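>>> Next input, structure requested:
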Amino acid sequence: MGVSLADVKKLKELTGVGLGDAKNALVEADGDFDKALEEMRKKGLTKAEKKGDRETREGVIDAYVHSGRIGVVVEVNCETDFVARLDDFKEFAHQMAMQVAAMAPVYPTLEDVPADIYDAKKQELLAAEDLASKPADIRDKIVEGQLSKYFADQVLTEQVFVLDDSKTVGERIKEQIAKSGENIRVSQFRRIELGVTE
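Sure thing, here's the model as predicted:
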């Protein structure tokens, strides 16, 4: 089955891969755009994960103020000054600032949660009376699920992305990594809300 040039271009834009890769994915999917997109997303995310260990020393600081009541400053890093100056990267950084304004995360990633805070929450959940009668392996699985749910609100990369609730912020970051070809991370942020002090 033939594939349209419009679909190839659209797939390229959505996934950040080359035209040849986009065309091959459509051919392999027999012209089924959604199937090809899903496959390319998988490949794109795999590429993004391989880039995840590379150093990020460049980037931008973006600020966002919502209705004069919430102010956010975020530092979003990439590998090169070239990518940092791209409008697409700056727009991505602004999206991250808007996310922080809307969802008030506490930590950028799960790795940034201090071990003592994570462990204290785990012990608190393990001590729940309704878990006492369950086998140890079942208890651990239940607590791991509860920990994931608890930190999903507090950790930026685990939160639902406010501009597209079909993905997490972590998935949105991986898409940007696949698109730019560089490792990208939100390394820090500050959120100030009028009348609210820590």
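>>> At which residues are the strands of the protein located?
In the chain, the segments counted as strands under DSSP state E are 58-66, 70-78, 185-193.
>>> Highest mean neighbour count out of the ones you listed?
strand 70-78 (a mean of 21; mean count of other Cβ atoms under 10 Å). C-betas here are computed from N, CA, C, even on glycine.
>>> Direction included, what does that one pair up with?
Strand 70-78 pairs in its sheet with strand 58-66 (antiparallel), strand 185-193 (antiparallel), by DSSP bridges.
>>> Now do the last one, average pLDDT.
Model confidence over strand 185-193, given as mean pLDDT, is 95.
>>> Dump it to PDB, keeping only the CA atoms.
Extracted in PDB, the C-alpha atoms of strand 185-193 (Å, rounded to 0.1, in the frame of the first residue of the first chain):
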ATOM      1  CA  ARG A 185      16.000  17.800  31.900                       C
ATOM      2  CA  VAL A 186      14.200  20.200  34.200                       C
ATOM      3  CA  SER A 187      16.800  20.600  36.800                       C
ATOM      4  CA  GLN A 188      15.200  23.100  39.200                       C
ATOM      5  CA  PHE A 189      12.200  25.300  39.700                       C
ATOM      6  CA  ARG A 190      10.800  27.800  42.200                       C
ATOM      7  CA  ARG A 191       7.100  28.500  42.600                       C
ATOM      8  CA  ILE A 192       5.700  31.500  44.500                       C
ATOM      9  CA  GLU A 193       2.000  31.900  45.200                       C
END
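>>> which other residues reach that strand?
56, 59, 69-77, 96-97, 100-101, 104-105, 108-109, 156-157, 173 (Cβ atoms under 8 Å, 6 or more residues apart in numbering).
>>> same deal with the first one?
Residues outside strand 58-66 that contact it (Cβ under 8 Å, 6+ apart) are 71-81, 83-84, 89-90, 93-94, 96-98, 100-102, 187.
>>> what's the closest of the strands of the chain to Asn24?
strand 70-78 (27.6 Å; Cβ to Cβ).
>>> Mind putting the strands of the chain into TSV with distance to Leu125?
Below are the strands of the chain laid out as TSV (distance: least, Cβ to Cβ, whole Å):
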stretch	distance to Leu125
strand 58-66	33
strand 70-78	30
strand 185-193	27
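>>> closest to Ala22 out of those?
Closest approach to Ala22 among the strands of the chain (Cβ to Cβ): strand 70-78, 23.2 Å.
>>> Let me know the average pLDDT across the closest one.
Here the average pLDDT along strand 70-78 is 96.
>>> I'd like the distance from it to the chain centre, please.
The chain centroid and the centroid of strand 70-78 are separated by 14 Å under Cα atoms, centre = their mean, to the nearest Å.
>>> export that strand as PDB, just CAs?
Taking C-alpha atoms only, strand 70-78 is exported to PDB below (Å, rounded to 0.1, in the frame of the first residue of the first chain):
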ATOM      1  CA  ILE A  70       1.400  32.600  40.900                       C
ATOM      2  CA  GLY A  71       5.000  33.100  39.700                       C
ATOM      3  CA  VAL A  72       7.300  30.300  38.500                       C
ATOM      4  CA  VAL A  73      11.000  30.300  37.400                       C
ATOM      5  CA  VAL A  74      12.300  27.000  35.900                       C
ATOM      6  CA  GLU A  75      15.800  25.900  34.700                       C
ATOM      7  CA  VAL A  76      15.600  23.600  31.700                       C
ATOM      8  CA  ASN A  77      18.800  22.100  30.500                       C
ATOM      9  CA  CYS A  78      20.000  20.600  27.200                       C
END
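>>> Good, we can wrap up now.
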